[in-house]
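Asks: Build the 3D model from these lines:
(4 chains)
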Amino acid sequence: MLKDNLTNALASLNLEKVAEGDYAKTGYHLEVAAQPAQMPDVAQAMLAAGCFLESFTAVDLRETFDLVYHFASFDELCRTAVHVPLGKKKGMPTISHIYPGADWYEREVFDLFGIHFFNHPNLKRLLLPEDADFHPLLKDFGASQGND
Amino acid sequence: METKTGEPLIHLGVLEEALNLARANSLWPITFGLACCAIEMMAAGAARFDLDRFGAGVFRPSPRQCDLMIVAGTISKKMAPAVVRLYEQMPAPKWVMAMGNCAISGGPFYYPTQYAIVPGADLIIPVDVYVPGCPPRPEGLIEGILLLEEKITKRGRLRKFRDAKG
Amino acid sequence: MIELLGIEEKTYTLNLGPQHPSTHGVLRVVLEMNGEFITKAEPVIGYGHRGHEHMAENRNYTQFLPNMGRVDYLHALAYNQCYCMAVEKLLDIKVPERAEVIRVMTNELNRITSHLLWFGAYLMDLGAFTPFLYCFDDREQILDLLDRITGSRLTYCYYRFGGVPTDIDDDFVAGCRAFVSRLRSRWADYDNLVTKNVIFINRTRGVGIITREQCVKYGITGPNLRGSGIPYDIRKSEPYSAYPWFDFEIPIGSNGDIFDRYVVRLAEMEQSLRIIEQACNKLPDGPIMAEKVPKRIKPPVGEVYQAVETARGEFGMYIVSQGDVKPYRIKLRTPSFANMSFFPEMAVDNLVADLVANLGSIDVVIPEIDR
Amino acid sequence: MELVAQFLGSEGARMVVGLIAVIALVSVNALFLIWMERKVAAHMQLRPGPMEVGPHGAIQTVADALKLMGKELITPEEVDKPVFWLAPIVIFLPVLLSFLVIPFSSTWIIRDMNVGIILILGFSTLAVLAILMAGWSSNNKYAVFGAIRSVAQNVAYEIPLLITVMSIILMVGSFKLSDIVAAQSRVWFVAVQPLAFILYIICATAETNRAPFDIPEAESELVAGFHTEYTGMRFALFFLAEYTNMFIVSAVATVLFLGGWHGPILPGVIWFLLKVYAVIFLLMWFRWTFPRVRFDQLVTFAWKILIPLAFVNLLITAFVLKLR
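Replies: So this is what the prediction gives:
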């Protein structure tokens, strides 16, 4: 079972939380919470287990960011959600050297939230024009910015 | 030669009318789609609707060889300079059709704090015909083309049809 | 030879797009070229960025519903369905059986339109114009059917939280049956015109190979993945809606080249026809809307991830609810985004002609990448 | 001067009439062919094609031509101006001159030169020069691509074309087009030399840059190829040259393989034109059926398959002729 394998592999990483998810409610089989510095190790473990990075995004919780990585596998139904809390004005280690597909996801998050990723090979705006000076998905982006 | 905005230097009467008639019946659009509406534009050129019947089916990929720019879809702020540039690359006389609500006014994507789109093609280039819809049906696009013909020749099939209907 | 002559080899940049006939909209690829060979390809995306995710935070749940048809306008109903399912999961609504079957039927019809359009547009990329028109002719038949019950031709917004708003009638079922037999009779034409064409085979065999490892690293899904021989299809691996009730197969390729992807897409259309046929035969009676759908959608605090299989691959929606009438955060995990991020690796060391062939073969919809 | 006077004296009137007829034919033919292409394409694609301008869109191309004449002529700033202006004229001249030697019937021929076929093949090479000029001077990367591809393609396909034609010339023993037609009064050469005919049609498609060998202007790859930057009438000249070129290669195919003006009942000219348009229809059929060949595959195909085949064909022809 992939779920058990993953639980075992992640157990050695000393993470905050590795728990079974409520699949019927959230769609996760495994819920993980990790610190920013632990993320590359988690990604390495995921890759070793044959999982692919389904999606990566951030949620602006006003005081902090919540970074959410979703992993799944082509062989077995097992979706893992990894939540990483990140303080504002802090950076995040990249996992794009482990999952090249994360390259664009991280650029997108940088673009829309302004989160910096350390050691990212090509961290520049992805969706917005290069001369844009705002991060639209921050919760305080609103009446003052944008136009019209 | 004449420019789009100014009056022609010399009026050539019948020749001018013949030219306009030719122009109206040979509107070559540029292969240029921005979003959803582009699919309906393709559908209008395809088997069932066939824009080619009106001589408007020759989609040219190079702006240098086009007469008509169909702005089919949402113009994002990133894309806006490219749209203007394409318009400038087209040789006069040239026409622009705003297809779909996004190109007319920003459509469903326009709201007070939006940051991504240009609400309306007419903010960046002059538009001759507006075809509303989200997306407009191919019939709508054809009507737009006929309206443009009417605008160019000051008469047209469409007007005749409308008059007959009363 | 060049070294002998003492000529310095120089590369140059070629800007493909944002307006280029083969970029299917507004993609720009900055190419570094050595002669006709590509040494580096960097896609520049965002020319179709419309801010769907920002919009979601400024709309309530129902108001955001029409947006889904505009994320990926070619397979609008799958995106529509994903959003409905995600919200239904948040609200704990169970959709009636009849509605689920109707959803599957319309969704599969829509999948065929998407594959047909890919087929035509891809052949147009390769320089054959006529298949495009053939496909559009077939596609119009489906659009007629869907137009009758959904009211639009392209950007459908047919599914609602809890079911579907309008029921289908016998005419629709009869129309579906007629369409199934019509499209089946066309396969021979398509095969003769394209699949057996030597030029087509030469251009697609052994070109643009995607390996299993690359799929894992980039998160490639959909026919691109199945062309590489991995039978991963959300409809089977994580069955949703009415799919478990139907009998269908997941076609896979073996080499992972363009030709395999092409064959997989054609075979998928046939499988969709099978699903539609079965659905026509065993359409259950009953209500089409769940009973306890609240007037005001206000899900409890929580988060949900819902995935569906679209024509391009896995579409996932991540919704964070803070118990408000507006979603707190909606993330759209679009398949083309992941598929496209692999493109630079695919394009390198190939000819420009192959670049066009590769780009077409991964079946991207630009506004879906840019959202 | 004396030479010119002498030339005009003996053949002058014929030449002047001929040239006027050729120019008329070229324009009418191009207008007709473009209309025909659109109609053929449309009917193959389950649609009606031009319908509204004239009966069945018959004067659609007249409208197109008039419109193109009225368009602004843009000369982009960065182009090499003299070359840019010359290219459309240069591409048009050789195709015009080729008409001099085409035998429409035993009498309808402007000048029956004894090197007719060589003249046509020679002039057809000039068209490549014009494409190169157009692409190079445009100072546009896509256009340069188109130009370079065009040169490589034409060099590759001219060789098998020449060798194939050579096998026919061996059989007739003359470069004169009327002699070649006369030699087919009983059996058309397509029956004697089927392989040569196929080779010729393939090479002719490549020579005229038409699908599946339309890579110099490959729409989905190079936008519009070598004429990306051309507008209005200049672009129209390229268009006109393409269709006239089609007429010429089809006329040569008719002369070499399909018995030229020979045919029962109807006058020779009609038969000749019928055959030419039948070949053109074949070329159109190709275009609307096949996908585009990739550039390297195209060149490989020419060098590795067509040229050896053409040589084999030539050798067999020579051998059989020697035995007879």
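
Asks: When you work out contacts or count neighbours from here on, use the C-alpha atoms and nothing else.
Replies: Fine.

Asks: C:Asn15: helix or strand, and which one exactly?
Replies: Per DSSP states H and E, C:Asn15 falls inside strand C:12-16.

Asks: do the same with A:Pro85
Replies: Assessed by DSSP H and E, A:Pro85 sits inside strand A:80-87.

Asks: That strand: how far from the chain's middle?
Replies: Mean-position distance between strand A:80-87 and its chain equals 6 Å (Cα atoms, centre = their mean, to the nearest Å).

Asks: before we move on, what about stretch D:254-263?
Replies: Averaging C-alpha positions (Cα atoms, centre = their mean) puts stretch D:254-263 17 Å from its chain's average.

Asks: D:Glu207 contacts D:Glu158, doesn't it?
Replies: Yes - assessed by Cα atoms under 8 Å, D:Glu207 is found in contact with D:Glu158 at 7.4 Å.

Asks: Listing partners with orientation, what would you give for the strand holding A:Pro85?
Replies: Using DSSP bridges, strand A:80-87 pairs in its sheet with strand A:30-33 (parallel), strand A:64-73 (antiparallel).

Asks: How many residues are close by D:Ile265?
Replies: As a burial measure, D:Ile265 scores 7 neighbours (other Cα atoms under 10 Å in any protein chain shown).

Asks: residue ranges for the helices of the stretch 101-250 of chain D, please.
Replies: D:116-138, D:141-172, D:177-182, D:189-192, D:194-207, D:219-222, D:232-257 (DSSP state H, counting those that start in this stretch).

Asks: near chain B, anything from stretch D:84-96?
Replies: No - contact of stretch D:84-96 with chain B (Cα under 8 Å from any Cα of the partner chain) is absent, the minimum separation being 14.5 Å.

Asks: what does chain D put close to chain B?
Replies: Proximity of chain D to chain B is confined to D:45-53, D:57, D:60, D:62-64, D:66-67, D:70-74, D:219, D:223-224, D:228-232, D:235 under the rule Cα under 8 Å from any Cα.

Asks: redo that, cut-off 7 Å
Replies: Residues of chain D lying close to chain B (Cα under 7 Å from any Cα of the partner chain) are D:45-52, D:60, D:63-64, D:66-67, D:70-72, D:74, D:219, D:223-224, D:228-232.

Asks: was I right about C:His52 contacting C:Ile369?
Replies: No - at 11.3 Å, C:His52 does not count as touching C:Ile369 under the criterion of Cα atoms under 7 Å.

Asks: A:Thr94 is in contact with A:Pro121, isn't it?
Replies: No - look at A:Thr94 against A:Pro121 with Cα under 7 Å: they stay out of range, at 9.2 Å.

Asks: ok, the two, which is more surrounded?
Replies: In this view A:Thr94 and A:Pro121 are compared by other Cα under 10 Å, and A:Thr94 has more residues nearby, 21 against 11.

Asks: Please point out which parts of stretch C:162-176 sit buried.
Replies: Buried residues in stretch C:162-176, counting neighbours by 16 or more other Cα atoms under 10 Å in any protein chain shown, are found at C:162-164, C:168, C:172-173, C:176.

Asks: then that stretch to PDB, C-alphas only?
Replies: Extracted in PDB, the C-alpha atoms of stretch C:162-176 (Å, rounded to 0.1, in the frame of the first residue of the first chain):
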ATOM      1  CA  GLY C 162     -27.000  19.400  -6.800                       C
ATOM      2  CA  GLY C 163     -27.800  18.300 -10.300                       C
ATOM      3  CA  VAL C 164     -28.800  19.800 -13.600                       C
ATOM      4  CA  PRO C 165     -31.400  22.500 -14.300                       C
ATOM      5  CA  THR C 166     -33.200  21.100 -17.300                       C
ATOM      6  CA  ASP C 167     -34.100  17.500 -18.100                       C
ATOM      7  CA  ILE C 168     -33.300  15.700 -21.300                       C
ATOM      8  CA  ASP C 169     -36.000  14.300 -23.500                       C
ATOM      9  CA  ASP C 170     -36.400  11.400 -25.900                       C
ATOM     10  CA  ASP C 171     -35.400  13.600 -28.800                       C
ATOM     11  CA  PHE C 172     -32.000  14.200 -27.200                       C
ATOM     12  CA  VAL C 173     -31.500  10.500 -26.500                       C
ATOM     13  CA  ALA C 174     -32.500   9.700 -30.100                       C
ATOM     14  CA  GLY C 175     -30.100  12.400 -31.300                       C
ATOM     15  CA  CYS C 176     -27.300  10.900 -29.200                       C
END
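
Asks: so how far is that stretch from its chain's centroid?
Replies: That offset, for stretch C:162-176, works out to 23 Å (Cα atoms, centre = their mean).

Asks: which residues touch it?
Replies: Stretch C:162-176 is contacted from outside by C:88, C:93-96, C:99, C:145, C:149, C:158-159, C:280, C:288-290, C:293, using Cα atoms under 7 Å, 6 or more residues apart in numbering or on different chains.

Asks: What separates the first and last residues of stretch D:204-211, distance-wise?
Replies: One end of stretch D:204-211 sits 11 Å from the other (Cα to Cα, to the nearest Å).

Asks: Spell out which residues of chain B are next to chain D.
Replies: B:1, B:19, B:22-23, B:25-26, B:47-48, B:50, B:52-55, B:61-62, B:64-65, B:91-93.

Asks: Quick one, which of those residues are buried?
Replies: By 16+ other Cα under 10 Å, these give B:19, B:22-23, B:25-26, B:47-48, B:50, B:52-55, B:61-62, B:64-65, B:91-93 as buried.

Asks: need the longest helix for the chain.
Replies: Using chain A here. When chain A is parsed with DSSP state H, its longest helix is helix A:102-113.

Asks: not what I meant, chain B
Replies: Longest helix of chain B, by residue count under DSSP H: helix B:138-153.

Asks: What average pLDDT does it get?
Replies: For helix B:138-153, mean pLDDT is 87.

Asks: does the residue lying closest to C:Gln141 once chain neighbours are set aside sit in a helix or strand, and which one?
Replies: Nearest non-adjacent residue to C:Gln141, counting by Cα to Cα, 6 or more residues apart in numbering or on different chains: C:Phe179, 7.2 Å away. In this structure, C:Phe179 sits in helix C:170-190 according to DSSP H and E.

Asks: avg pLDDT for that helix?
Replies: Mean predicted confidence for helix C:170-190 is 89.

Asks: next SSE after that helix?
Replies: Helix C:170-190 is succeeded, C-terminally, by helix C:198-204 (DSSP H and E).

Asks: Close to chain A: what parts of the stretch 51-200 of chain C are there?
Replies: Going by Cα under 7 Å from any Cα, the residues of the stretch 51-200 of chain C near chain A are C:54, C:89-90.

Asks: Over to the stretch 251-371 of chain C?
Replies: When proximity is defined as Cα under 7 Å from any Cα, the stretch 251-371 of chain C approaches chain A at C:303-306, C:329, C:333, C:338, C:341, C:370.

Asks: Have a look at C:His52 and C:Ile369 and say which one is more surrounded.
Replies: More neighbours surround C:Ile369 than the other of C:His52 and C:Ile369, with 26 against 23 (other Cα under 10 Å).

Asks: number of nearby residues for the residue nearest to the more buried one when sequence neighbours are not counted?
Replies: Using Cα to Cα, 6+ apart and skipping residues adjacent in sequence, the residue nearest C:Ile369 is C:Phe337, 4.6 Å away. Per other Cα under 10 Å, the neighbour tally for C:Phe337 reads 26.

Asks: C:Asn339 too?
Replies: Neighbourhood size, C:Asn339 [other Cα under 10 Å]: 24.

Asks: How about it: what's its closest non-neighbour residue?
Replies: Sequence neighbours aside, C:Ile220 is the residue nearest to C:Asn339 in space, at 5.0 Å (criterion: Cα to Cα, 6+ apart).
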